[in-house]
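*Asks:* 3D, please:
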Amino acid sequence: MWLVGLLVWVAPALMGQGRSMTIAQPTLNVPIAKDGAMKVFAIQVDGVTVREFPAQLAEKEPDYWIFLDVSAFQGKTITISPEGVQAGGDSGSGGGTSAGLRAGLDRIYQANTIEGAADLYKERNRPQFHFTVKRGWSNDVNGPIFYQGRYHLFWQAFPFGVNWDTGFMYWGHAWSTDLIHWTEMAPALMLDKLSSPWSGTSFVDHDWDGSGKEALVLVYTAFDRVTKKQVQCLAYSTDGGAHFTRYQGNPVLDTNSEVGSNDTRDPKVFWYAPTKRWVMVLFEKDGMSFFNSTDLKTWTRKSHFKGLHECPDFFELAVEGDARQKKWVLHGGSSSYYVGTFDGEKFTPESDELRYAEGKNAHGDDVLYAAQSFVDMPDGRRVQMAWGRIQPEGMAFNQMMLFPTEFRLVKTGEGIRLRAKPIAEIEKLHGKKRTYASLTVEEANTRLKLAGARPLDVKLAVKLEQERELAIQFGGMTLATIHAAELEKGKGDVRVLIDKAVAEIFVDGGARYIVRELPTSPGAGGLELNLGQGNGVHGAGVIDRMEVDAMTSMWTGERGKTK
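*Replies:* Numbers count the residues shown, from 1 in each chain. You can find the predicted model right below:
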């Protein structure tokens, strides 16, 4: 794919261990070896380093390709060369040879599209209604927001391969008009002199001095890969989120020495109208600290909540939809959360630590992690997206985002609880619908087999006799078991979302929310139900109603052009 006919720049010259080329097209395609040594490369213009990136450059036949957006260097001659030091990620095996490095550099080519564009979003293990990146690694959701008619999604991105390095993270960026169909844009933030931009938040500042009104502001943690310090910084956009400028006075908050730890990260910032102050919730060492500011640049510590870990999300929500009764929800990196009150300076919990999701991945980690909710939703909903810690096998991308869910606070016999359900916009992806009534489990499985192993949205109205349980299975693996005692008088609703590599199950509107990693090997089978206590007993009238919606792809029309 690196044929001469694709090349439109001046013939490259190898200079020592570097390669020079004049940029005439926006994308550099870089060959990657999944077991290669991770090396740091510099891009220089006129002898000045303008960008650094780590890569497992393929010195022989590549396993896959990544791409770099080099549109900023249009018409300029760049030189790509190794810096002579290895990045901090998985170094793989072998250090390579001079001849191998030259061969790898020689394979790099520029084009208008990314390598493999014709198959982009159609790969065998690409989820079809869960957001994934074009290439590379993705993790924490950062600062999702509705701004100037578009939903903006940011995330921690390592676009250089499927083995990540936390010292070289970017802020990935995509936009949508419906929370379903996403277009991946150029990164919002890349490395700067303060090093890697880690997780944070976004919001609109209606009076941001220095950049103009209605600026889209990012507050993020800058991580220095040498000193390991974590400090808080600002960036802003005045062109609708297309480009971001870092605040020249960064960092705006450095508490490393004060708390005796470098664990000071993941700011969540919002305007608190009753006190007319900005509030920052910051993970520090062993919990969440609360700060106030009037200008976003000077911050005063107000309180500390010991508990939870990383990536705070914090919001107020009406209980049972009643605007006269609202509570605050504070949760950390996983689905653990507290319900309580907030006075602008201090969060007071009114519950024990709770969880709204369950499910482990193949490595034993919570699948749902580092979730954030959209701010400034036009209809007032509280919609969340979360990092799904799942690795689709054999792909040139890694990890995914879980399907957006809408939050509610409900009253239960045990107190106020958080519930999550798929957003209503999922219906935009519904294809052929089949509806059935009054089925046995055996009859339901016959219908599900007809649907195959394709992406599905399955809704069940179940009826379980006392002591019975319903197992939901995929490819012979039990995803969840629902007991009659969980349901009111044995009756309840179950919803199952099936996509490549992931299943999301919602019981009774989110009373249970289960996320599971799915096998992706060909012939693994599809969705099945099993009645009994592991004994395969079948019974009549178990499924009062079953609706099976074949899901269409969220990627229709999306291909590999750089944005």
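
*Asks:* Residues in a beta bridge with the nearest residue to Ala437 once chain neighbours are set aside, which ones?
*Replies:* Leaving aside its sequence neighbours, Ala437 sits nearest to Arg545 (C-beta to C-beta, 6 or more residues apart in numbering; 5.4 Å). Yep, even glycine has a C-beta here, placed from its N, CA and C like the rest. For Arg545, the residues forming beta bridges with it (DSSP bridges) are Ala437, Ala461.

*Asks:* State the next helix or strand along the chain beyond the helix or strand where Ser257 lies.
*Replies:* With elements taken from DSSP states H and E, the one containing Ser257 is helix 256-259. Helices and strands here follow DSSP H and E; after helix 256-259, the next one along the chain is strand 264-272.

*Asks:* contacting residues around that following strand?
*Replies:* Contacts of strand 264-272 with the rest of the structure, by C-beta atoms under 8 Å, 6 or more residues apart in numbering, involve 140, 198-201, 203, 219-221, 223, 230-232, 253-256, 277-285, 296, 310-314, 344, 372, 375.

*Asks:* Just the buried ones from those residues?
*Replies:* Among the contacts of strand 264-272, those scoring as buried are 140, 198-201, 203, 219-221, 223, 230-232, 253-256, 277-284, 296, 310-314, 372, 375 (criterion: 16 or more other C-beta atoms under 10 Å).

*Asks:* Just the buried residues of stretch 185-203, please?
*Replies:* For stretch 185-203, by 16+ other C-beta under 10 Å, it's 185-191, 194-203.

*Asks:* What average pLDDT does that stretch get?
*Replies:* Taken as a whole, stretch 185-203 has a mean pLDDT of 93.

*Asks:* Ok, stretch 56-74 next?
*Replies:* Mean predicted lDDT for stretch 56-74 stands at 96.

*Asks:* first to last residue in that stretch, what's the distance?
*Replies:* Terminal residues of stretch 56-74 are spaced 25 Å apart (C-alpha to C-alpha, to the nearest Å).

*Asks:* mind checking the SS state of Lys213?
*Replies:* Secondary structure, DSSP: H, G, I helix; E, B strand; the rest coil: Lys213 is coil.

*Asks:* cool, Phe315 as well?
*Replies:* Looking at Phe315 with three-state DSSP, the answer is strand.

*Asks:* pretty sure it is touching Phe374, no?
*Replies:* No: between Phe315 and Phe374 there is no contact under C-beta atoms under 8 Å: 10.0 Å.

*Asks:* The two: who's more crowded?
*Replies:* Between Phe315 and Phe374, counted using other C-beta atoms under 10 Å, Phe374 has the larger neighbour count: 24 against 19.

*Asks:* Pretty sure the more buried one sits against Arg150.
*Replies:* No: using C-beta under 8 Å, Phe374 is not in contact with Arg150; the gap is 11.3 Å.

*Asks:* Please enumerate the strands of the stretch 151-300 of the chain.
*Replies:* For the stretch 151-300 of the chain, applying DSSP state E, counting those that start in this stretch gives strands covering 170-176, 183-184, 196-205, 215-223, 230-237, 245-246, 264-272, 277-284, 287-293, 300-306.

*Asks:* Dump the ones you listed to JSON lines, plus distance to Asp35.
*Replies:* Output for the strands of the stretch 151-300 of the chain, formatted as JSON lines (distance: least, C-beta to C-beta, whole Å):
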{"stretch": "strand 170-176", "distance to Asp35": "24"}
{"stretch": "strand 183-184", "distance to Asp35": "27"}
{"stretch": "strand 196-205", "distance to Asp35": "24"}
{"stretch": "strand 215-223", "distance to Asp35": "27"}
{"stretch": "strand 230-237", "distance to Asp35": "31"}
{"stretch": "strand 245-246", "distance to Asp35": "36"}
{"stretch": "strand 264-272", "distance to Asp35": "31"}
{"stretch": "strand 277-284", "distance to Asp35": "34"}
{"stretch": "strand 287-293", "distance to Asp35": "40"}
{"stretch": "strand 300-306", "distance to Asp35": "43"}
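
*Asks:* Out of those strands, the one nearest Gly75 is which?
*Replies:* Ranking the strands of the stretch 151-300 of the chain by proximity to Gly75 (C-beta to C-beta) places strand 245-246 first, at 22.7 Å.

*Asks:* Parallel or antiparallel, list what pairs with the closest one.
*Replies:* strand 230-237 (antiparallel).

*Asks:* What's the end-to-end length of stretch 449-465?
*Replies:* Length of stretch 449-465, first residue to last, C-alpha to C-alpha: 25 Å.

*Asks:* That stretch: which residues count as buried?
*Replies:* Buried residues in stretch 449-465 (16+ other C-beta under 10 Å): Ala451, Ala453, Pro455, Leu456, Asp457, Val458, Leu460, Val462, Lys463, Leu464.

*Asks:* just stretch 118-136 next, same as before
*Replies:* Using 16+ other C-beta under 10 Å as the test for burial, stretch 118-136 gives 120-121, 123, 126-136.

*Asks:* Quickly check these for the two that are furthest apart.
*Replies:* By the measure C-beta to C-beta, Phe129 and Gly136 form the most distant pair in the buried residues of stretch 118-136, at 20.5 Å.
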